[in-house]
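# The amino acid sequence is not available; the structure is as follows:
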Ligand SMILES: NC(=O)c1ccc[n+]([C@@H]2O[C@H](COP(=O)([O-])OP(=O)(O)OC[C@H]3O[C@@H](n4cnc5c(N)ncnc54)[C@H](OP(=O)(O)O)[C@@H]3O)[C@@H](O)[C@H]2O)c1
C-alpha cells in the first residue's frame with residue numbers, strides 16, 4: 001500500500017532525548033525552525049497530532065506552512081478546511097497523500113503521533129535535529145510508551161550535517 005512513498009519523522013530534540021519540556025515548551029532557535037520549515041516545504045506533506053496542531057495555532061507557524069498540506073491525527077475527525085485534513089488512522093493519512101501523488105511525507109510529531117506511525121510500521125526514516133541542551137526529565141520523549149511493544153528498533157545513521165547554533169541534523173534509516 002505504501003510502495004513508492006517515503007515517510008520521515010522529523011523532530012528537534014535535546015541531547016537527552018526530549019522534544020519539549022513538561023509545559024510543551026521548546027527552546028529551539030530561529031535557524032533551527034527555518035531548517036524545519038525548509039525540510040517540510042520540500043516534501044509538501046506534513047502530519048501532526050491534534051495537540052501539536054493546537055500548539056502551532058498559538059504561533060505563526062501555520063502561516064509559514066500555507067503551501068503545505070497538513071494531515072492531523074485525531075480521534076475526533078472533522079471536515080477539512082484550508083490546508084488541513086483530519087484522520088483517525090495513520091494508514092488513512094498515507095492513503096490520502098498517496099492519492100494526491102506525494103512521494104514523501106513528513107511526520108512532525110508529537111510523541112504520540114510519532115509512536116502511532118512507528119507502531120504501524122510506516123516509518124522509513126528518522127531525521128533528528130539535536131540541539132545542545134539538556135531538558136528536564138519530566139519533559140516529552142521523542143516516542144511515548146504507545147510503541148513500546150515494537151522496541152527495540154535498530155537504526156542506521158546515513159549522514160549528518162551541522163546546522164546553526166551547535167545543532168546537528170542526523171538522518172537514520174530503519175534496518
Ligand atoms: N521537538 C519537536 O520537533 C516537536 C514537534 C512537534 C511537537 N512537539 C511537542 O510534542 C508535544 C505534543 O505531542 P503529544 O504526543 O502530546 O501529542 P500529539 O502527537 O501532537 O497529538 C496527540 C493527539 O493524537 C490523537 N490520538 C491519540 N491517540 C490516537 C489514536 N489511537 N488514534 C487516532 N488519534 C489519536 C489525539 O487527538 P484528539 O485528542 O483530538 O483525539 C491526541 O490528542 C508538545 O509538547 C510539543 O511541543 C515537539
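Right, received. Where do you want to start? It should be emphasised that the depicted structure is a prediction, and the values quoted were computed from it without experimental measurement.

# okay, which residue is most central for this protein?
With distances taken as CA atoms, centre = their mean, residue 108 lies nearest the centre of the chain, 1.7 Å away.

# So that one sits against residue 41, correct?
No. Between residue 108 and residue 41 there is no contact under CB atoms under 8 Å: 11.9 Å. No exception for glycine: its C-beta is placed from N, CA and C like everyone else's.

# Please list the residues of this structure that sit near the ligand.
Applying CB under 6 Å from any ligand atom, we find that the chain lies next to the ligand at 11-12, 19-20, 24, 26, 48-52, 55, 73-76, 88, 108-113, 116, 140.

# try it again with 8 Å
10-13, 19-21, 24-26, 28, 36, 48-53, 55, 73-76, 87-89, 108-116, 129, 139-140, 144, 146 (CB under 8 Å from any ligand atom).

# Mind checking which of those residues are in strands?
10-13, 19-20, 48-49, 73, 87, 129, 140 (DSSP state E).

# and residue 174, how far is that from the ligand?
19 Å (CB to the nearest ligand atom, to the nearest Å).

# shouldn't that residue be in contact with residue 122?
No. Residue 174 lies out of contact with residue 122 (CB under 8 Å); the separation is 10.3 Å.

# Those two: who's more crowded?
Taking other CB atoms under 10 Å, residue 174 and residue 122 do not tie; residue 122 has more neighbours (20 against 13).

# That one against residue 5, yeah?
No. Residue 122 is not in contact with residue 5 according to CB under 8 Å; the separation is 9.2 Å.

# which one of the ones in strands among the residues of the chain next to the ligand is nearest the ligand?
residue 49 (2.2 Å; CB to the nearest ligand atom).

# got the contact list for the residue nearest to the closest one when sequence neighbours are not counted?
Nearest residue to residue 49 in three dimensions, chain neighbours excluded: residue 113, at 3.6 Å (CB to CB, 6 or more residues apart in numbering). The neighbours of residue 113, taking CB atoms under 8 Å, 6 or more residues apart in numbering as the test, are 47-49, 52, 73, 107.

# for this protein, what spans make up the helices?
30-43, 50-57, 61-64, 90-99, 111-119 (DSSP state H).

# As a markdown table, the ones you listed with mean pLDDT would be great.
Below are the helices of the chain laid out as a markdown table (pLDDT from 0 to 100):
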| stretch | mean pLDDT |
| --- | --- |
| helix 30-43 | 93 |
| helix 50-57 | 96 |
| helix 61-64 | 88 |
| helix 90-99 | 97 |
| helix 111-119 | 98 |
